[in-house]
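Trainee: sequence unknown, structure follows:
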């Protein structure tokens, strides 16, 4: 599975979560954190997709995805530890930890698998 197949939906979930947090609670932090990191991930996923279409890997996008997911895991994990609230801190920390593991796997295996060119 290619990283952009998970990164773009992951980014969209974060954007939607940030907007919902802002609408429900008026939280600028939710809007900035969710929408900001979500948009970074969507852009990274898009860069990876465009590189894949050119039959290349975007290691810049993969590193950006990994760092963003790892930071979210740490920040939201700390928030969950302090508040014990599953929503949103525990859920975001859990999803981000899974995504960090996926991205590390992609880095370890050389990025997106580029299929042989059909003749």
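Mentor: Arrived safely. Just so you know, these numbers come straight off a predicted model, no measurement behind them. Numbers count the residues shown, from 1 in each chain.

Trainee: Going along the chain, name the helices of the protein.
Mentor: With DSSP state H as the definition, the chain shows helices at residue ranges 3-25, 28-30, 36-53, 59-83, 91-108.

Trainee: So for residue 116, which of those sits nearest?
Mentor: Proximity to residue 116 (C-beta to C-beta) singles out helix 36-53 among those, at 14.1 Å. For glycine as for every other residue, the C-beta is placed from the backbone atoms N, C-alpha and C.

Trainee: circling back to that earlier point, mind putting the helices of the chain into CSV with mean pLDDT?
Mentor: What follows is the helices of the chain, written out as CSV (pLDDT from 0 to 100):
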stretch, mean pLDDT
helix 3-25, 95
helix 28-30, 91
helix 36-53, 96
helix 59-83, 96
helix 91-108, 96
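
Trainee: of all these, which lies closest to residue 114?
Mentor: Judging these by C-beta to C-beta, what sits closest to residue 114 is helix 36-53, at 7.3 Å.
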